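Colleague: Structure here, sequence nowhere to be found:
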């Protein structure tokens, strides 16, 4: 098979769709789709997870064959590292004797936790804003 990487992806997807179509008639697929709950957008899912205290990023798309670079400033590794550091700090701060043993250390750890949390929250807000922008662009494109 020749062509670009995108050509190969499209050919593979068409082949998979053909195989799936042979396994289930379109009427059955439509019936299942009609019974399924409506899809949530990624931004809505991320907002809901954040409201529950546990935002989860399921996919990081840095570039697209059609658009090129997408938000190259985003760094999911930075967010993940911040979450690990926050968990470590929270573990230390949950030690009930820490304040009595070393109030200065308790204060320093609390300040560090607040600083890391603020930066992580800002990074997640930026991510969410970009996701909402992307969803709006996709909606605009589908409305045309």
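Modeller: Nice, thanks for sending it over. Keep in mind that what you see is a predicted model, and the values were worked out from it rather than measured.

Colleague: Can you give the distance from stretch 88-98 to the centre of its chain?
Modeller: 29 Å (C-alpha atoms, centre = their mean, to the nearest Å).

Colleague: Do me a favour and average the pLDDT over the helix ranked longest in the chain.
Modeller: The helix that spans the most residues within the chain, counting by DSSP state H, is helix 103-143. Mean pLDDT, helix 103-143: 85.

Colleague: Which other helices and strands does it contact?
Modeller: Secondary-structure packing of helix 103-143 (3 or more C-beta pairs under 8 Å, 6 or more residues apart in numbering; DSSP states H and E): helix 42-51, helix 76-93, helix 98-101. Every residue, glycine included, has its C-beta placed from N, CA and C.

Colleague: Also compute the angle for that helix relative to helix 42-51, please.
Modeller: Orientation note: helix 103-143 sits at an angle of 160 degrees relative to helix 42-51 (axes from the mean of the first three to the mean of the last three C-alpha atoms, to 10 degrees).

Colleague: okay, the angle between helix 103-143 and helix 76-93?
Modeller: Using the same axes, to 10 degrees, helix 103-143 lies at 150 degrees relative to helix 76-93.
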